[in-house]
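[1] Pasting the sequence and the predicted coordinates here, then a few questions.
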Amino acid sequence: MSESPILEIKNLKVKVADEDEQILNGVDLTLEPGSVYAVMGPNGSGKSTLAKILAGHPAYEVVGGEVLYKGQDLLEMEPDERARAGIFLAFQYPVEVPGVSIANFLRTSVQARLGEGEEVDLFEFQDDLMETMELLDMDPTFAERPVNDGFSGGEKKRSEILQMALLKPNLVLLDETDSGLDIDALQVVSHAVNTLRERDPEMTVLIITHYQRVLNYIQPDFVHVMVEGQFADSGGPEVARRLEEKGYEQYRTPAGA
């Protein structure tokens with residue numbers, strides 16, 4: 001593994017754009033290549049905001065701190081530049097794109113990742129797509145369907161995992177990817193993530209989640225608990241197990257304190 005962190009977050013403070021409400025109140029986090037990190041927290045704690053600000057979502061504004069991605073100032077990069085640089089965000093609620101097949105969408109995405117001056121070879125792409133779908137135990141006809149149009153929750157998440165596999169990112173942000181999934185679908189998605197990590201041991205994964213159950217399938221190296229826009233606890237997998245027993249109330253500030 002590389003000795004340099006892939007991501008360094010220092011005293012990050014974030015608010016909703018055009019509003020005074022601050023959501024992140026000084027977050028520090030370092031991600032090492034090849035590791036799996038989990039950020040857990042209750043609704044409204046700021047954990048999804050963290051993922052969105054890393055991807056460059058325009059609804060949020062950084063008011064303090066810095067973020068370095070491979071040593072470069074991430075906050076100076078546009079969202080498309082971040083994606084081309086190897087950052088992938090799996091959304092909690094993937095959007096539908098009627099009329100555009102998954103195969104065409106993926107080919108366009110891979111071309112954008114390569115940038116100007118390098119063309120995607122149609123035959124090589126098709127071979128890569130079929131090989132990847134076989135690796136992920138996906139029916140080849142899945143690639144012919146419109147992007148997320150009429151998909152179940154599990155199918156939408158599998159579609160995103162396929163995107164991730166073809167784009168070969170360095171940093172993967174899974175924003176509540178377990179939301180709305182039954183046990184079977186969760187196992188399929190988790191197996192796919194683990195398979196891709198085996199294929200690329202340097203890939204770093206940041207899992208945003210409410211619950212410990214996804215961490216039964218994608219084992220984290222480090223767990224951070226976010227409450228009220230700050231990390232209230234950090235450690236190994238035992239932190240998630242403790243949360244399962246005691247909940248988030250143990251970290252909340254008592255009224256009037």
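    The structure has been received and is ready for your questions. Numbering: from 1, shown residues only.
[2] Which stretches in the stretch 151-257 of the chain count as strands?
    Assigned by DSSP state E, counting those that start in this stretch, the strands in the stretch 151-257 of the chain fall at 171-175, 204-209, 222-227, 230-235.
[3] Pipe these into a markdown table and attach mean neighbour count, mean pLDDT and distance to Arg84 per row.
    From N, CA and C alone the C-beta is placed, and that goes for glycine too. Shown next, in a markdown table, are the strands of the stretch 151-257 of the chain (neighbours: other C-beta atoms under 10 Å; pLDDT from 0 to 100; distance: least, C-beta to C-beta, whole Å):
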| stretch | mean neighbour count | mean pLDDT | distance to Arg84 |
| --- | --- | --- | --- |
| strand 171-175 | 24 | 93 | 13 |
| strand 204-209 | 25 | 94 | 17 |
| strand 222-227 | 23 | 95 | 27 |
| strand 230-235 | 15 | 94 | 30 |
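[4] need the contact list for Leu166.
    The neighbours of Leu166, taking C-beta atoms under 8 Å, 6 or more residues apart in numbering as the test, are 106, 109-110, 128-129, 132.
[5] how about low-confidence regions in the stretch 1-150 of the chain?
    Scanning the stretch 1-150 of the chain for pLDDT under 70 picks out the ranges 1-3, 116-117.
[6] Apply 80 and report the result again.
    Where the stretch 1-150 of the chain drops to pLDDT under 80, the residues are 1-3, 91-94, 114-118, 136-137.
[7] re earlier: go through the strands of the stretch 151-257 of the chain and name the closest to Glu119.
    When the strands of the stretch 151-257 of the chain are compared by C-beta to C-beta, strand 171-175 sits nearest Glu119, at 25.7 Å.
[8] quick one: contacts of the closest one?
    Identification of contacts with strand 171-175 by C-beta under 8 Å, 6+ apart yields 6-7, 31, 48, 51-52, 54-55, 69, 86-92, 164, 193, 203-209.
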